[in-house]
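Participant: turn this into a model:
(2 chains)
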Number of protein chains: 2
Amino acid sequence: MSLRFQVLGNDPTSFARLGKLSLGNVEVETPVFMPVGTRGSIKSLDSDDIREIGYKLILGNTYHLYLKPGTEVLDHFGGLKPFMSYSEALLTDSGGFQVFSLASLFRFEEDGVRFQSHVDGSYHKFTPESVIDIQRSIRSDIMMVLDDCAPYGSSTERLELALDRTHRWAKNSIEYWQKDPQNQNLFCIVQGGTEESLRLKSLTELQAMDFPGIAIGGLSVGEPRKEFQKTIQFLAPHMAVNKPHYLMGVGTVPDILESVKQGIDMFDCVLPTRNARNGQVFTSRGKINLRNESHRLSTAPIDPNCKCKVCQTYSLGYIRHLHKVKELTAFSLSTYHNLYFMYQFMAELRASLSANEFPQFYAHWKKLYGV
Amino acid sequence: MSLRFQVLGNDPTSFARLGKLSLGNVEVETPVFMPVGTRGSIKSLDSDDIREIGYKLILGNTYHLYLKPGTEVLDHFGGLKPFMSYSEALLTDSGGFQVFSLASLFRFEEDGVRFQSHVDGSYHKFTPESVIDIQRSIRSDIMMVLDDCAPYGSSTERLELALDRTHRWAKNSIEYWQKDPQNQNLFCIVQGGTEESLRLKSLTELQAMDFPGIAIGGLSVGEPRKEFQKTIQFLAPHMAVNKPHYLMGVGTVPDILESVKQGIDMFDCVLPTRNARNGQVFTSRGKINLRNESHRLSTAPIDPNCKCKVCQTYSLGYIRHLHKVKELTAFSLSTYHNLYFMYQFMAELRASLSANEFPQFYAHWKKLYGV
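Facilitator: Below is the predicted model of the structure:
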């Protein structure tokens, strides 16, 4: 069954909106942050933790899951969700971005991209159709098309080439998917770097194909923050209001604030989990580096305002100790807290939209986390 | 308050016995296995997991905790238990064994041992009194004396030297502790390698000092399995029946079977947690290597007879995948299962003693795990 997306309210001062994304039996309130489980596991947590925190939509990655455990295993288990014992909703990146950023070697061909695995050096090829087939083995609720994400700093010529390829592949993708949708949904990916005319061209061509959702790719890939903001700001008035808008790979507090303001509904980012493993946690008072000497004797929780089980049970001083001696438990406790924080932050963001108080919410958090 | 130890039943065919160890408000049924939390954390789990599995007595290490977080932090938090948010009972090794096995350098002196930290190369000294002071900062319910654990293969002369030192230090230790017991208890450590006359001498001298409990050290340190068995078998009839008997650093299934048979009440071992991180788990059917290719498509749990939350939720195939791609969650799920297994194994062992069926229990598990 195709997804349903309803806009439930709009911030009168910006493009920000409150919505509901229905994926089969799962209802996801938007704007939403999706934790990243690249290889079928949110790093250092288990599926019970994710359920306990409340996440109803998580992310997996086609490139990694294709290499390991592979489609035979995924098919055998009936998809990634039964494999990892997670029963809510799942979105998968197409793997294109990972081919360009992780594979040892890759080469474009007319109908796809050849690459060498970063895991074992073996050779593979992704086509628009094959990544949909892999995502069918994964059985994600939302699949992404194969696209060409030209690296930041690419010439206009290279960006134009990427658009041609991305749009041609998008057309192949939607046709292939529509022959047999199988309760899955397919999102397109808008490219074009930070050049406004290319972004507009990409958005216009892709929106004409009527995908169930629109993703923006190729941002937060190294461009200056101003360019990032300018690009989403430019795109905002052109995005189809009846489709969910997903900004790929973005998810810091200030970036979410800016992007929600420009009508973005969905986010994913590895930073809350990666930062946690590096000892950086988010709180209602700003960021904290757990390894700081200043926390050595602190009997207070990471965040006195946080209701998560880590903050209810453990002190900053203890978690600092675990980080200093590199105990594995440091990673799971800090990750749990950060993902709880992100969940709560998004819930409060939605509440502010619902109460027509988004500008105040924006100002409050911008001050705490702003750049 | 001093510990209370009651023997509740005896196996008529061996020295095996059922008991109850009372440590303040905490009642521990024996024989008991204690999970190891060297640096204030059972590796990859949190205190809630330990509580959930049911462990009421865990182990910490004086050497590691003295180096980090240090006594200032431990004193500030009121001991390791509040620091790690664990409210049941705690035993601490004295750190002597770690000085000999981990420190970069060490040198015996009449009244203690000087050593260089393996962490930062700094110099320190442990004396019988100072390790009690550190254990007072840790506030463990059971403290261990500083002893000299001569390495396996030592000459009789070296073993005799170790006994002199161990017994002299034990005397200093008990006198120092008794001046201010502070609700803590102190166990002596019997040494003597695998030489029966030295073991008997050590046991006799130490038992005469009337410690609240008797530990056997210097076993499972590399000696052939037969020597290990012979030594505990030899000691069994000589151990004071009214005191708890603790065999240090021992805790595989076959070693527990042999040792319970010889009247041992308490065990600790890093193997259940370390093996788990290496992909080896224990089941009611024997050991399993999670990384084996044969489990790739297995939708069964690690152990169909296991009631732990990991076996209730995740498949062998999934946990194998997590191990193969080195996801942190592989370590926590496998560790949780192994510690649940050990808890359950000890509960069933005690039930067999209670039902006068220890010989059958011994035979059953010996066949599955025997060497």
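
Participant: and the pLDDT for A:Ser2?
Facilitator: If you check A:Ser2, the pLDDT there is 84.

Participant: just checking, it touches A:Phe211?
Facilitator: No - in this structure, A:Ser2 is not within contact of A:Phe211 by CB atoms under 8 Å, at 10.6 Å. Where you see a C-beta, it was placed from the backbone N, CA and C, and this is true even at glycine.

Participant: okay, the closest residue to A:Pro301 other than its chain neighbours: pLDDT?
Facilitator: Using CB to CB, 6 or more residues apart in numbering or on different chains and skipping residues adjacent in sequence, the residue nearest A:Pro301 is A:Cys311, 3.9 Å away. At A:Cys311, the model reports a pLDDT of 98.

Participant: what of A:Val371?
Facilitator: 69.

Participant: out of A:Ser2 and A:Phe211, which sits in the busier spot?
Facilitator: Shown here are A:Ser2 and A:Phe211; by other CB atoms under 10 Å in any protein chain shown, A:Phe211 has more neighbours (22 against 12).

Participant: tell me the contacts of the more buried one?
Facilitator: Going by CB atoms under 8 Å, 6 or more residues apart in numbering or on different chains, A:Phe211 touches A:145, A:170, A:174, A:186-188, A:243.

Participant: which SSE is the nearest residue to it once chain neighbours are set aside in?
Facilitator: Spatially, and ignoring its direct neighbours in sequence, A:Phe211 is nearest to A:Cys188 (4.3 Å; CB to CB, 6+ apart). Assigned by DSSP states H and E, A:Cys188 belongs to strand A:185-190.

Participant: from the contact counts, what lies against that strand?
Facilitator: The helices and strands touching strand A:185-190, judged by 3 or more CB pairs under 8 Å, 6 or more residues apart in numbering or on different chains; DSSP states H and E, are strand A:142-144, helix A:156-178, helix A:196-208, strand A:213-216.

Participant: what about that strand, distance to the chain center?
Facilitator: 13 Å (CA atoms, centre = their mean, to the nearest Å).

Participant: any residue of the longest helix along chain A touching chain B?
Facilitator: With secondary structure taken from DSSP state H, chain A has its longest helix at helix A:328-354. Yes - on the criterion CB under 8 Å from any CB of the partner chain, helix A:328-354 is in touch with chain B at A:328-329, A:331-333.

Participant: give me the pLDDT for the closest residue to chain B within the stretch 101-250 of chain A.
Facilitator: For the stretch 101-250 of chain A, the residue closest to chain B is A:Val119, as judged by CB to the nearest CB, at 8.7 Å. The pLDDT attached to A:Val119 in the predicted structure is 87.

Participant: residues touching it, list them.
Facilitator: A:67-68.

Participant: and it, which of the three is it?
Facilitator: coil (DSSP: H, G, I helix; E, B strand; the rest coil).

Participant: go on, the one 10 residues further on?
Facilitator: Three-state call for A:Glu129 (three-state DSSP): helix.

Participant: ok, now which ones touch it?
Facilitator: Here A:Glu129 is in contact with A:172-173, A:176 (CB under 8 Å, 6+ apart).

Participant: hmm, who's touching stretch A:322-333?
Facilitator: Outside stretch A:322-333, the residues touching it (CB under 8 Å, 6+ apart) are A:43-45, A:49, A:276-277, A:279, A:290-291, A:310, A:314, A:319, A:334, B:39-46, B:64, B:68-69, B:328, B:331-332.

Participant: do the same with stretch A:304-317
Facilitator: For stretch A:304-317, using CB under 8 Å, 6+ apart, the contacting residues are A:52-53, A:283-284, A:288, A:290, A:295-303, A:319, A:333-334, A:336-337, A:340-341, A:344, B:46-48, B:69, B:73, B:76-77, B:83, B:85.

Participant: try stretch A:61-76
Facilitator: Contacts of stretch A:61-76 from elsewhere in the structure, counted by CB under 8 Å, 6+ apart, are A:36, A:38-40, A:80, A:83, A:92-95, A:98-99, A:102, A:117, A:119-120, A:124, A:131, A:133-135, A:137-139, A:144, B:296-297, B:299, B:317, B:321, B:324-325.
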